[in-house]
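In: using only what follows, build the 3D model:
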Amino acid sequence: MPARLRRRQTTSLAALLIAAATLSTACSAPPAAPAGPTDGRRTLAATAPGWASAAPEVAPDARLSATVLLADSATPAEVSAARSWLQAVGIDVVRDRESIRALSVTASASAFASAFDTAFGQTTVDGRAAVAPTRDLSVPREGSAIESVAGLVDTDAMNPSVDPAPVRGDDCAAYWGQTLSSSWPSSVQVEHRSNALCGYGPTQLRAVHRLPADARGAGATVAIVGVFDDDTVAANTDTYFAREGLSTLRDGQYTHHAPANPNVTRCGGPSAWTVEQHLDVQAVRAMAPDADIVYWGADDCLAATLYLRVLDAVEAPTTPSVVSLSFGGPEELDTDADRTLLNRVLVEAASRGVSVFASSGNDGDYSLAGDHHDETDVATPASSPYVTAVGGASIGLDADNGIAVESGWEVQTRFALNGGIIPPGFLYGAGGGESAFSPRPSWQSDRIAHSGSGRLVPDVASLADPNTGFTVAVPRDGAVSYEAHGGTSLATPMVASMVAIAKARTGVRVGLAAPFLYRLSGSSAIRDIVPASAGTWYRRDKGTGQLWLETLYLWDTRPQSLQSATGWDPVTGVGIPNGADFLDRFGADQ
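Out: Numbers count the residues shown, from 1 in each chain. Model prediction:
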């Protein structure tokens, strides 16, 4: 083990990445708060979230894990002193994270509170129970190498970004307009109508991006990071693809890394994440049939746990082409230290030529989520300027797999009986807006005329609407069930697969993908998405017990504050990567 944790030498691409984003990099040390007036301790600024400051203090006896972030300027002697101090106060150093200048540590909550002169409070935020430091941490002189500490907010921060389609009746459409109810109310006039789609298959998924037949992802590796691990994914995927007349996984094409210590009492347990894992793997398999797929399961859905699992994927012996993250939570749940940890991981990924993609969420502007009380928010990790954020679209394919209609994914529900809005009007849609914490990078500020100075979300989009969603084979009651699913959980592995195919096809080496997507904006390589006069009708199965069985889903009518528009918009970003033009031009002008 080296005496000092050194940053891995970055490549010229990483330098390009950092130069392209004119923001205060999260990899540099933040200004330290003034030292304590009496004991010489140094405050670690913004290590306690503002929402926890008034939380009633508790004395948790749980054992916690955290990540100690070391300063770039720390000398070997200062790093050694910090390690010795941590061990002396009862905090175990369990792993060096040399590439991001960090130490993984564990201790009891009381040991953390005593060592860092803080206390823990219990409260509810964004509908989640949370235990977090109520005041900023501090360190003595022996901790001069310590820049900050991430991971001490104990809450189920991240959710899967998958949404199921409603339970279908027998009148769903195999393609846009194949079936159309005669019960559409005359009071709701839209140009493009169809019954809700039954769920697209693998071939139709490729048609969304107009992928040429020879673009299959040979030589690419797509990594997926999620929570827990279902070891039936490969078998269920093979069953599905064989049913569709497509090839099954070849030996070694899919590998999965189960978490070492899964906490199945948290995060809804494995059953809450198995659909997500199946969706991610099967979407990549559909988009890039020849690519290798590697799944990395995390122990739980805490933000820092998942951020470090991304690092595991990036540092694997076989470097992935891309990493797909179909999870997220409101960015306010992270502390500044958590964001610094995330950004260090993402910059390390970019320095290795790995492109990371994150879903923008399914709650629109978050004004109806949790306890937001009409306040808006964006999702993390999508709000980091070092990740490519993926929004969503509603897309109707015709009988020949051509695009009949497409629009931004923001859905308003109405009663099919009379056309009246079903309160609150907004059902689901892609997340988007402006970050309150991350500054706007140059690749946005130079190309987008938008007020404010925060990072804008998303950057790009793909299919997300569950009512025009993807059929996924998932385990139900000991059998394989075929269900339509969507959400930005679907859009994210689709876009990640497009970039993986492009990188394998041309040999281009790109880390952060977003700047290169903006360069293609307005060209034939990116389909711009604007509102369409469109909607779907569907009838619930009688077994659901609903009082009304027939519902309209109207597209992109601005049911909250978000709507697609010409150019960049907060629903679909710059648009949808499009066909061979995208594959051949992505990254070509670097």
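In: you'd agree residue 140 is up against residue 43?
Out: No - the criterion here is C-beta atoms under 8 Å, and residue 140 misses it with residue 43 at 11.6 Å. For every residue, glycine as well, the C-beta is placed using N, CA and C.
In: any common contacting residues for these two?
Out: Listed as contacting both residue 140 and residue 43 by C-beta atoms under 8 Å, 6 or more residues apart in numbering is no residue at all.
In: can you pull out the low-pLDDT segments for the stretch 301-450 of the chain?
Out: Low-confidence segments of the stretch 301-450 of the chain (pLDDT under 70): 369-374.
In: show me where it has helices.
Out: Assigned by DSSP state H, counting those that start in this stretch, the helices in the stretch 301-450 of the chain fall at 303-314, 336-351, 442-445.
In: same question, the stretch 1-150 of the chain
Out: Using DSSP H, counting those that start in this stretch, the helices found in the stretch 1-150 of the chain span residues 12-20, 76-88, 109-115.
In: cool, the stretch 151-300 of the chain as well?
Out: Under DSSP H, counting those that start in this stretch, the stretch 151-300 of the chain gives helices at 202-208, 233-243, 274-287.
In: tell me which of those helices lies nearest to residue 554.
Out: Smallest distance to residue 554 across the helices of the stretch 151-300 of the chain (C-beta to C-beta): 20.8 Å, for helix 202-208.
In: and the contacts of that closest one?
Out: So helix 202-208 is in contact with 175, 200, 241, 244, 246, 282-283, 285-287, 395, 397, 401-403, 462-463, 470, 494, 576, going by C-beta under 8 Å, 6+ apart.
In: restricted to buried residues, select those residues in ChimeraX.
Out: The following ChimeraX line selects those of these that are buried, judged by 16 or more other C-beta atoms under 10 Å:
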select :175,200,241,282,283,285,286,287,395,397,401,462,463,470,494,576
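In: for residue 436, the count of nearby residues, please.
Out: Residue 436 has 14 neighbouring residues, counting by other C-beta atoms under 10 Å.
In: no no, residue 73
Out: Neighbour count of residue 73, defined by other C-beta under 10 Å: 11.
In: residue 523 now?
Out: Based on other C-beta under 10 Å, the number of other residues close to residue 523 is 14.
In: one more: the one 10 residues further on?
Out: When neighbours are defined as other C-beta under 10 Å, residue 533 has 15 of them.
In: that older thread, with distance to residue 76 and mean neighbour count added, can I get the helices of the stretch 301-450 of the chain in CSV?
Out: Shown next, in CSV, are those (distance: least, C-beta to C-beta, whole Å; neighbours: other C-beta atoms under 10 Å):
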stretch, distance to residue 76, mean neighbour count
helix 303-314, 23, 24
helix 336-351, 20, 26
helix 442-445, 35, 19
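In: local confidence estimate at the closest residue to residue 357 other than its chain neighbours?
Out: Using C-beta to C-beta, 6 or more residues apart in numbering and skipping the chain neighbours, the partner closest in space to residue 357 is residue 496 (4.4 Å). In the predicted model, residue 496 carries a pLDDT score of 98.
In: ditto for residue 36
Out: 40.
In: same check on residue 22?
Out: 38.
In: now swap in the one 4 residues further on and tell me
Out: On the pLDDT scale, residue 26 is placed at 36.
In: equivalent analysis for the one 3 residues further on, please.
Out: At residue 29, the pLDDT value in this model is 36.
In: how about residue 161?
Out: Value for residue 161, per-residue pLDDT: 86.
In: go on, the one 10 residues further on?
Out: pLDDT, the model's per-residue confidence, is 87 for residue 171.
In: tell me the contacts of it?
Out: Going by C-beta under 8 Å, 6+ apart, residue 171 touches 179, 181, 195, 539.
In: out of these, which is most surrounded?
Out: That'd be residue 195 among the contacts of residue 171, by other C-beta under 10 Å, with 23 neighbours.
In: right, and that one touches residue 179 too?
Out: Yes - counting by C-beta under 8 Å, residue 195 does reach residue 179; the two are 4.4 Å apart.
In: break down the stretch 151-300 of the chain into its strands, ranges please.
Out: Ranges of strands in the stretch 151-300 of the chain, per DSSP state E, counting those that start in this stretch, are 154-155, 159-160, 163-164, 192-195, 221-227, 254-257, 292-298.
In: of all those, which one is nearest residue 346?
Out: strand 221-227 (12.2 Å).
In: now for that closest one, which elements pack on it?
Out: When contacts are defined as 3 or more C-beta pairs under 8 Å, 6 or more residues apart in numbering; DSSP states H and E, strand 221-227 sits against helix 274-287, strand 292-298, helix 303-314, strand 322-325, strand 327-330, helix 488-506.
In: closest one to residue 92 among these?
Out: Distance to residue 92, taken as C-beta to C-beta, is lowest for helix 303-314 among the helices and strands packed on strand 221-227, at 16.1 Å.
In: the closest one vs strand 221-227, what angle?
Out: For helix 303-314 against strand 221-227, the angle by axes from the mean of the first three to the mean of the last three C-alpha atoms, to 10 degrees is 160 degrees.
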